[in-house]
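**Q** sequence and predicted structure, then a few things I'm wondering about:
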Amino acid sequence: MAPSIYQLGMAGLMACTALANPAAHISLRQTGTFVPKPGYFPATGDDTIAGGIFCISLSDLAAYLQRTGNNPGATGSESPRGQGAVTQGSGPYPAQMTTSQDLPNHTIYAPIKPPADNTSMPFISFGNGGCSTVGSTYRNFLTEIASHGYVVAADGPPNGGGGANGQSRVQDSRDSIDWAMKGGAAKYGTINLQNITAADDRRYLLSEIKVPVAWFVGGPKDMGYPNAEKDYAKLNAGLPSYKASLDTGHGGTYSATNGGKFGKAVVNYLNWQYRNNATSKAILLEPNSAGSLVSDHWNVTYKNWT
């Protein structure tokens, strides 16, 4: 069976579902030190600095925000009002945040017990926003995803550390995917290695993306909104793509109970793509369907999907 490959972008992060031949080891990477210069794009997009060649250094970020007028702390009408409650998620498989000794520099989100119905669970390699190595940053959001039958490995231990200068690198995502492909995630249940999601996979050459893409962004106040708009417009012709925007600013609703409206949206997108769930598809594509994203005040645009 050919592997399922999708891409997904979210406010505060770039995420993609991507890939994997279970017999393959992820080995492509840049050799040598990456030296930024105009027009230089390494073939793999890998690098030796935190975040990726697409990343602006943290020391330059303040100047960039001042120059562009972007405010990463901006909020909107749909932003959470305070920190949400920590739960086991709203899905059929109560989930938890945990760690695994054989993947020490990551935080795991998975059902507390392997699903009794032996449901096949896709694996998600999750890169935190800001190249953070604090694996608990998106706890509410990732626990919610796990409770619907997914296993997630976020970069960094729950309390941080594990990365150079406290920042993640491309290798961190590669390590968690290799771990899953070698059977490390099997302790949490049946893992579908044909369905692996790499969240924060910043594939920087749009022309090289050959798979469906979705963005979930925080509206015009989101510092990532302009790039999402440009990328959506410039994707390869005919590529299925989906863009949903909610007035939250860059922080989304990840800290809300069960990840809030971003949690609901992403779970339904994953269930549609990975499980061909007709109800989830309707929630994303049909404004008049029960519980649709449009009824939740998302601004939705899509193309090449029916």
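**A** Yep, it's here.
**Q** isn't T107 up against V151?
**A** No: judged on Cβ atoms under 8 Å, T107 makes no contact with V151 at a distance of 11.8 Å. Placement of C-beta: from N, CA and C, glycine included.
**Q** so what's the closest residue to N128 other than its chain neighbours up against?
**A** The shortest distance from N128 to any residue other than its chain neighbours is 5.1 Å, reached at T137 (Cβ to Cβ, 6 or more residues apart in numbering). By Cβ atoms under 8 Å, 6 or more residues apart in numbering, the residues touching T137 are 128-129, 154, 254.
**Q** from those residues, which is closest to Y232?
**A** When those are compared for distance to Y232 (Cβ to Cβ), G129 comes out closest, at 19.8 Å.
**Q** now do the strands in the chain.
**A** Using DSSP state E, the strands found in the chain span residues 7-10, 13-17, 95-98, 106-111, 121-126, 151-155, 191-199, 213-217, 241-245, 299-303.
**Q** just for the stretch 151-300 of the chain, where's the confidence low?
**A** Of all residues in the stretch 151-300 of the chain, those with pLDDT under 70 make up the ranges 162-166, 198-208.
**Q** isn't Y150 right next to M121, touching?
**A** Yes: under the criterion of Cβ under 8 Å, Y150 lies in contact with M121, with a separation of 5.6 Å.
**Q** which of the two has more neighbours?
**A** Using other Cβ atoms under 10 Å, the more surrounded residue of Y150 and M121 is Y150, with 28 against 25.
**Q** and the nearest residue to G184 once chain neighbours are set aside, how many neighbours does it have?
**A** Nearest-residue entry for G184: D102, 5.5 Å, with adjacent residues in sequence omitted and distances by Cβ to Cβ, 6+ apart. Here the number of neighbours of D102 (other Cβ under 10 Å) works out to 11.
**Q** please apply the same query to L142.
**A** For L142, the number of neighbouring residues by other Cβ under 10 Å comes to 31.
**Q** P72 now?
**A** When counting by other Cβ under 10 Å, one arrives at 16 neighbours for P72.
**Q** check what pLDDT it gets.
**A** Model confidence at P72, expressed as pLDDT, equals 79.
**Q** residues touching it, list them.
**A** Neighbouring residues of P72 by Cβ under 8 Å, 6+ apart: 65, 223, 249-251.
**Q** kindly recompute the last result at 7 Å.
**A** Taking Cβ atoms under 7 Å, 6 or more residues apart in numbering, we find P72 in contact with 65, 223, 250.
**Q** just say which of the strands of the chain is most tucked in.
**A** For the strands of the chain, ranked by mean neighbour count under the definition mean count of other Cβ atoms under 10 Å, the leader is strand 151-155 at a mean of 28.
**Q** distance from the chain centre to that strand, please.
**A** Centre-to-centre, strand 151-155 and its host chain are 10 Å apart (Cα atoms, centre = their mean, to the nearest Å).
**Q** partners of it, with directions?
**A** Under the criterion DSSP bridges, strand 151-155 sits next to strand 106-111 (antiparallel), strand 121-126 (parallel) in its sheet.
**Q** show the average pLDDT along the first one.
**A** Predicted confidence along strand 106-111 averages 98 (mean pLDDT).
**Q** about what we covered before: want to throw the strands paired with strand 151-155 into a markdown table with distance to S90?
**A** Putting the strands paired with strand 151-155 into a markdown table (distance: least, Cβ to Cβ, whole Å) gives the following:
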| stretch | distance to S90 |
| --- | --- |
| strand 106-111 | 13 |
| strand 121-126 | 17 |
